[in-house]
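> Next one to model:
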Amino acid sequence: MGQQRDSSSFRGADEDPRVRRTRRALQQALAELAEERADVTMSAVAQRAGLSRQVLHTHYASLGELASEVLVRRMVEGTGHDVPSDVRSAVPALVEAVRSEGLAPFLQFIRDDRAVFIALRTIAHRQSAAVLAQVFAGRFLDSDPTPEQREAALFAAGGMTTVVERWLVDEDAPCAARQAENLERYARAVLTVVTDQR
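Next up is the predicted model:
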């Protein structure tokens, strides 16, 4: 039997530079294909990157895993922040950016990049929903939330994720700033109910 690899999405900075270059080539290929068409396959990604499918599968267990990493990178870059060399740090960096700068700039970025965002989100549905839920929940949690507050924030974040997905495809949707105000109001209402029941 061959050596088993860690199939976790986010590899660290301790990677060989050749591995990082290969992974970035695969990420770039998927991003380009997602901009061009909705039906992206592993073969198409490998071909666009100039690599074999075997090389792609060496680095990513699935197209969803690759799409999730690309999506997180794009969202961090969209907030105007550098993507940490250890991509595992990208989600907390994204949460912190949204916490400090608010939802409106984040929503505006994904609205502007919505064709790619929707394509990547479709490929990596479960992973991207979890990332969005972390971002939204992180926006509303204090540094030391109670278990009830954490659950309420995650509950609100799940709803916010659904609202944002609908908002992205609605041509008559409100601007990002207005949508951010709506989401903030919804989440605060949920958290207020939980806090008041204590």
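
> use CA for all of it now, contacts and neighbours both
Will do.

> Going by secondary structure, the spatially most central residue of the chain is in what exactly?
Nearest to the mean C-alpha position of the chain, counting by CA atoms, centre = their mean, stands residue 72 at 3.9 Å. Per DSSP states H and E: residue 72 is located in helix 63-78.

> For that helix, buried residues please.
Buried positions in helix 63-78, judged by neighbour count with 16 or more other CA atoms under 10 Å: 63-76, 78.

> do the same with stretch 115-131
Buried residues in stretch 115-131, counted by 16+ other CA under 10 Å: 115-121, 123-124, 127-131.

> Among the residues you listed, which one sits closest to residue 105?
Ranked by distance to residue 105 (CA to CA), these are led by residue 117 at 15.1 Å.

> could you point out which element follows the strand or helix carrying the closest one?
Per DSSP H and E, residue 117 falls inside helix 114-123. Using DSSP H and E, the next helix or strand after helix 114-123 towards the C-terminus is helix 125-140.

> Which residue ranges of the protein form helices?
Listed in chain order, the helices of the chain (DSSP state H) span 17-36, 42-49, 53-59, 63-78, 90-101, 103-112, 114-123, 125-140, 147-169, 176-196.

> next one: the helix holding residue 72 to chain centre, how far?
From the chain centre to the centre of helix 63-78 is a distance of 6 Å (CA atoms, centre = their mean, to the nearest Å).
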